[in-house]
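In: got a predicted structure here, sequence first:
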Amino acid sequence: GYTKYHVLDADSGVIASYIYSPSLKQLVGYMSPELVDSTCAYIQSTGLQGAILWSADTDASFDGSQGMSLISEYNEKCRST
């Protein structure tokens with residue numbers, strides 16, 4: 001019974017992601033693929049050299065399959081060309 005939300009900024013894109021369950025009154029914030037994309041776009045547009053992940057011990061594919069993880073998303077989107 002959770003609904004997915006993204007907090008948007010007109011200039012930066014997605015600046016936060018969370019899910020919320022009204023029946024449980026529970027909110028869970030998380031790093032989403034959309035937030036990684038916005039973060040990498042910001043890094044590239046400002047000429048920064050990269051990003052640091054605080055914790056990767058729970059990283060897994062974000063769609064429940066054997067698909068791309070957030071680390072893979074960072075590698076794909078933040079890699080300079």
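Out: Here it is on my side, so go on. Numbers count the residues shown, from 1 in each chain.
In: contact partners for the residue of the chain positioned farthest from its centre?
Out: Going by C-alpha atoms, centre = their mean, the residue of the chain most distant from its centre is residue 23, 25.3 Å out. By C-beta atoms under 8 Å, 6 or more residues apart in numbering, the residues touching residue 23 are residue 1. To be clear about C-beta, it is placed using only N, CA and C from the backbone, and glycine gets the same treatment.
In: and residue 27, by the same measure?
Out: Listed by C-beta under 8 Å, 6+ apart, the contact partners of residue 27 are 18, 19, 20.
In: which among those residues count as buried?
Out: Among these, not one counts as buried by 16 or more other C-beta atoms under 10 Å.
In: quick revisit: so how far is residue 5 from the residue farthest from the centre of the chain?
Out: Remark: distance between residue 23 and residue 5 (C-beta to C-beta, to the nearest Å) = 16 Å.
In: same question for residue 39.
Out: 17 Å.
In: secondary structure, distance to residue 45 and pLDDT added to the contacts of residue 27, as a markdown table?
Out: Below are the contacts of residue 27 laid out as a markdown table (DSSP: H, G, I helix; E, B strand; the rest coil; distance: C-beta to C-beta, whole Å; pLDDT from 0 to 100):
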| residue | secondary structure | distance to residue 45 | pLDDT |
| --- | --- | --- | --- |
| 18 | strand | 25 | 94 |
| 19 | strand | 28 | 94 |
| 20 | strand | 30 | 97 |
